[in-house]
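J.: Structure, please.
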Amino acid sequence: MQTANNLFADVKNPYLEASEWGWKIDPIGLRTVCNQLYGLPKASIYVDRDSNGKGSNKRYKKTNFSWYQNVIATNGEQL
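T.: Coordinates of the predicted model:
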């Protein structure tokens with residue numbers, strides 16, 4: 001089922017699942033858009049672990065840690 005507001009109804013991507021409305025579900029695309037919209041990194045801590053679960057699991061502060069901590073403390077007043 002497609003709605004009249006589905007602007008990309010003609011664009012098909014066989015690698016993505018579709019919702020019951022025919023909209024494609026793209027979690028990586030959603031995350032990319034959210035990161036671009038907010039413009040702020042969500043994580044200021046790096047965990048030493050690869051996608052296979054290998055690594056020391058140690059946590060390290062990223063270079064933006066102090067900056068982001070200050071943004072939170074000032075409720076975004078100081079960017």
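
J.: can you list the weak-confidence ranges in the chain?
T.: 1-11, 37, 39-41 (pLDDT under 70).

J.: one more time with 50
T.: 1 (pLDDT under 50).

J.: Centre of the chain to the helix ranked longest in it, how far?
T.: In the chain, ranked by residue count with DSSP state H as the criterion, the top helix is helix 27-38. Its chain's average C-alpha position is 4 Å from that of helix 27-38, according to Cα atoms, centre = their mean, to the nearest Å.

J.: before we move on, what about stretch 14-21?
T.: On Cα atoms, centre = their mean, the centre of stretch 14-21 falls 20 Å from that of its chain.

J.: likewise stretch 26-44?
T.: So, by Cα atoms, centre = their mean, the centroid of stretch 26-44 is 3 Å from its chain's centroid.

J.: same check, this time on stretch 38-50
T.: On Cα atoms, centre = their mean, the centre of stretch 38-50 falls 10 Å from the chain's centre.

J.: what about the residue nearest the centre of the chain, distance to Y38?
T.: In the chain, the C-alpha nearest the mean C-alpha coordinate belongs to R31, at 2.7 Å (Cα atoms, centre = their mean). The spacing between R31 and Y38, counted by Cβ to Cβ, to the nearest Å, is 11 Å. Bear in mind the C-beta positions are built from the backbone N, C-alpha and C, glycine included.

J.: And I72, by the same measure?
T.: 13 Å.

J.: Touching, N13 and I25? I think so.
T.: No. Between N13 and I25 there is no contact, the gap being 10.2 Å when judged by Cβ atoms under 8 Å.

J.: For N75, give me its contacts.
T.: With contact set as Cβ atoms under 8 Å, 6 or more residues apart in numbering, N75 has no partners.

J.: Give the helix, strand or coil label for it.
T.: Following DSSP: H, G, I helix; E, B strand; the rest coil, the label given to N75 is coil.

J.: Could I get the phi/psi values of it?
T.: phi 50, psi 40 (degrees, to the nearest 10).

J.: again with A18
T.: Dihedral angles (degrees, to the nearest 10) for A18: phi -120, psi 150.
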